[in-house]
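**Student:** Here's a sequence, model it:
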Amino acid sequence: MHKPEKATANQDASTQSTPALNTSSPTAIATPEPASLFDALGVPGDPVRITVVVHAKLQDLNTTQTLPFLAGGEEIISSAGTYGGIARYLQTSPGVATNSDVTNEFFVRGGHPVENLFIVDGIEMPNINSLATLGTTGGFGSMIDIGAVQRISLLTGGFDAHYSERLSSVTEITTLEPQLDHLEGDVGIQGFGGLAVRKLRGGNLLLSAHHGIVHALAGDFGARLPSYDNALAHFRRSDASGNGITLLNIAGMDALDIVPCGKDMAETSTIESHYRGWRNTAGMEWQRVYSRASFGLITLSDSEQVEHINQDDQLIDPLHLPKYGRNDNCRTSVPGLVVTPVYQDRSNDAFTTAAYRYEYSTGRLSLDAGTSGQLDRPHFAISQPMGIALPYSADLKRSDATSFSSHFATGETGSFAQVAVHPWKPLAISGGMRLQTFAFGSHATMTPRASARYWINQSLALQVAYAQYAQLPPYVYLLSFPENRSMIPMRATHEIAGLDWSPGPKASLRVEVFDKIYTDVPASTEYPSVTFHNLAIAPTDQVVWLRMNSNGRGRSSGMEISDTSHFGARLDIRGSIAYSRAKFSGLDEVMRPSNFDFPWIVNLASHQTLGRGYEVSTRYTYTSGRPYTPYDMSNSRNQNRPIYDVTRMNAVRGRYYSRLDAQIDKDLLLGGRHLVFYGGVQNILNRSNFLSYAWEPRNRKSPVAEVDQTPIFPNFGVRFIVH
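**Tutor:** A predicted model of the protein is given here:
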């Protein structure tokens, strides 16, 4: 594979004209731009020069926020175990872990997945994943073709005031902008699709689409797997002075049907779930350069998240099991068997945003300020007329019946200002403030930011950061019961200290300690030990909403060590080890492990070029066992349903998680075109990694079953690239 020469901001290589960059301070030390798949393959006989687009990014050179973790599209698509997915690759970052192998939902430093923010080419997206439900930021797979990605940037804490309020992390995604027309496609176990880039009216037009085929892999089992279609359209145009416009549209449709087999004693659910959804984000970003030191940005966007969910219970009375004959099928041939509708959801969680941002930067001073307005449209039509036999209660009576409908619009505003100064060359100091208002509930929050970075020498720097963040709970939780409307914004305070050491151009080491203090966390008013961060929800069970207030609290503290090393031009190794504890309390004020409390997280990934077009990547992940709440076995057996022992919320921990993945790529150059064959194996050792325990209502003798994560599973396919 022909590797390109990496152009950087201080090289004379195809860089776009931009406002003047300030390189008089250590913050402006240039680093290579991560390579996209297009960059890595190159043009036969001629290296690709990567265009470093300093697109509204003066703050990257003048902020003292904690450094992001960077990766390019080429690095992600060839990484073992990620299936070319952005979120799954981010799980290799320090302090980042996943909820399960089946979804790409991830959490950062003990925070809830809803605390993550995603930004694509300056446009905020509520979720970048297919098969996503309300109140989360995860899903089955990415809606964005990784071939269309130039780089991703993950901030895990202490981020600046210009970002919308989130309590845990910010992921920024920059799409591809090659200087040549470009066409590529792929087909594999996940599906088929492709992308095309063309010059159009002085700009670049990028189109991509993907159709998933995983649902059609294997007969009846396929009915349990999702189907999805994704599409992206992106147009960017700029002139020699740096003025430019970006248009973006990302859309996805998906579906999932789960029908438990009624005569299978090993079935762990009686709920038939039928899901249909689509989401779309469209936006525009206009950049205006005022001088060599300043520019402004105007952003307009709209996001829609539509989901339709129907749930029916095959076993409305768990004490009376239907009797199947030897020749009966799973459901329909049993006389008198009637499924009962228990949940229906017709929702669109939508919002429209308009924002303006101004940046001014010199060698010693930078100013970043802006304001935004957002119109939220939480249009929900949710019906749960029979309630649910709650897993937190031994009362057999179905309770918490809720049916709510909302069709209104409400506003949010956000204004911020941030200043960074360099009083002398080794020291940079930054401070800022964000004012956020929420019309729903009439809340206003003022959250400060402060950070400093001191360079001991050119290779070693010390960093400290303090920041507060405030985020409104998801609207679906706020509207599920009338009393929930009184909940106030969740808050988190970040305190971070660390050092960055680069002993040479091919190695970097980072050490960070952090402390996150949570207040005003949603907590159940009926079950004092239950909070937003320890809700026990199985994806195949009936949806549960609870009455809540904002009297919960929590804390997540830890230490992370990460390293990236390059051995020659052929071997790259990225590793990290993190130790932390994440504990939360409800109304009983007892601090307990949250669902996201994984004390040890270890990641090790390697990528090696072998020559003759071969590349090999490996990935190893280790985490402490996941916490879980044991069943109240006496009441559970008597009622033949799962009832948690709420006095022991997350008091037990499963065995540790360990997974080794591997992938090999072979690049063939045929007539100036690249044909890349790839094959990999997830969980190559076929280890049984614990996910949870589940109740088998049809198995009265031994009703508790262990549910494990994905066993050994393949990934294979072929990509073709035409320049």
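**Student:** Distance check, residue 591 against residue 556.
**Tutor:** 11 Å (C-beta to C-beta, to the nearest Å). Every residue, glycine included, has its C-beta placed from N, CA and C.
**Student:** shared neighbours of these two, which are they?
**Tutor:** residue 583 (C-beta atoms under 8 Å, 6 or more residues apart in numbering).
**Student:** Looking at those two now, which is surrounded by more residues?
**Tutor:** Neighbours per residue (other C-beta atoms under 10 Å) separate residue 591 from residue 556, with residue 556 holding more: 28 against 14.
**Student:** any low-confidence regions in the chain?
**Tutor:** Within the chain, the stretches with pLDDT under 70 are 1-63, 179, 214-225, 331-336, 399-401, 537-542, 723.
**Student:** How is residue 74 assigned, secondary-structure-wise?
**Tutor:** At residue 74 the chain is in helix, as set by DSSP: H, G, I helix; E, B strand; the rest coil.
**Student:** can you start the count at 826 instead of 1 from here on
**Tutor:** All set: I'll call the first residue 826, so the last point we hit is now residue 899.
**Student:** Pull the number of nearby residues for it.
**Tutor:** Neighbours of residue 899 under the rule other C-beta under 10 Å: 26.
**Student:** swap in residue 916?
**Tutor:** Quick note: residue 916 (other C-beta under 10 Å) scores 21 neighbours.
**Student:** Surely residue 1395 is in contact with residue 1434?
**Tutor:** Yes - Residue 1395 lies in contact with residue 1434 (C-beta atoms under 8 Å); the separation is 4.5 Å.
**Student:** So for those two, which residue has more residues nearby?
**Tutor:** Ranked by neighbour count (other C-beta under 10 Å), residue 1395 and residue 1434 place residue 1434 first, with 18 against 13.
**Student:** what's next to the strand or helix carrying the more buried one, contact-wise?
**Tutor:** Using DSSP states H and E, residue 1434 maps to strand 1425-1436. Contacts to strand 1425-1436, defined as C-beta under 8 Å, 6+ apart, come from residues 826, 828, 900, 903-905, 916-922, 1394-1405, 1440-1449, 1481.
**Student:** Inside strands: which ones of those residues?
**Tutor:** In this view, those that belong to strands under DSSP state E are 921-922, 1396-1405, 1440-1448.
**Student:** Ramachandran angles for residue 1301?
**Tutor:** Backbone torsions for residue 1301, taken as degrees, to the nearest 10, come to phi -60, psi -30.
**Student:** State the distance from it to residue 1346.
**Tutor:** Distance, residue 1301 to residue 1346, using C-beta to C-beta: 17 Å.
**Student:** more neighbours, these two?
**Tutor:** Set side by side, residue 1301 and residue 1346 show more neighbours around residue 1346, with 26 against 21, by other C-beta under 10 Å.
**Student:** Contacts only, for that one.
**Tutor:** Shown in contact with residue 1346 (C-beta under 8 Å, 6+ apart): 1315, 1356-1358, 1375, 1377-1379, 1409.
**Student:** ok, back up a step: buried only: go through the contacts of strand 1425-1436 for me.
**Tutor:** Buried by 16 or more other C-beta atoms under 10 Å: 826, 828, 900, 903-905, 916-922, 1397-1405, 1440-1449, out of the contacts of strand 1425-1436.
**Student:** Alpha carbons only: can I get stretch 1419-1437 in PDB?
**Tutor:** In PDB, the C-alpha atoms belonging to stretch 1419-1437 read as follows (Å, rounded to 0.1, in the frame of the first residue of the first chain):
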ATOM      1  CA  SER A1419     -23.500   2.900  38.600                       C
ATOM      2  CA  ASN A1420     -24.200   0.900  35.500                       C
ATOM      3  CA  PHE A1421     -21.000   2.500  34.100                       C
ATOM      4  CA  ASP A1422     -18.600   1.700  37.000                       C
ATOM      5  CA  PHE A1423     -15.800  -0.300  35.400                       C
ATOM      6  CA  PRO A1424     -12.800   0.200  37.800                       C
ATOM      7  CA  TRP A1425     -10.200  -1.200  35.300                       C
ATOM      8  CA  ILE A1426     -10.300  -0.500  31.600                       C
ATOM      9  CA  VAL A1427      -7.300  -1.600  29.500                       C
ATOM     10  CA  ASN A1428      -6.900  -1.200  25.700                       C
ATOM     11  CA  LEU A1429      -4.100  -2.200  23.400                       C
ATOM     12  CA  ALA A1430      -4.300  -1.800  19.600                       C
ATOM     13  CA  SER A1431      -1.600  -2.400  17.000                       C
ATOM     14  CA  HIS A1432      -1.400  -1.800  13.300                       C
ATOM     15  CA  GLN A1433       1.400  -3.300  11.200                       C
ATOM     16  CA  THR A1434       2.300  -2.900   7.500                       C
ATOM     17  CA  LEU A1435       3.900  -6.100   6.200                       C
ATOM     18  CA  GLY A1436       4.600  -5.200   2.700                       C
ATOM     19  CA  ARG A1437       3.200  -6.400  -0.600                       C
END
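**Student:** those strands in the stretch 1226-1375 of the chain, which residues are they?
**Tutor:** 1227-1231, 1235-1249, 1252-1263, 1268-1282, 1285-1296, 1315-1329, 1332-1349, 1373-1392 (DSSP state E, counting those that start in this stretch).
**Student:** So which of those strands is nearest residue 1131?
**Tutor:** Residue 1131 lies closest, by C-beta to C-beta, to one member of the strands of the stretch 1226-1375 of the chain: strand 1227-1231, at 14.5 Å.
**Student:** The closest one pairs with which strands?
**Tutor:** Each strand paired with strand 1227-1231, and its direction, by DSSP bridges: strand 1190-1209 (antiparallel).
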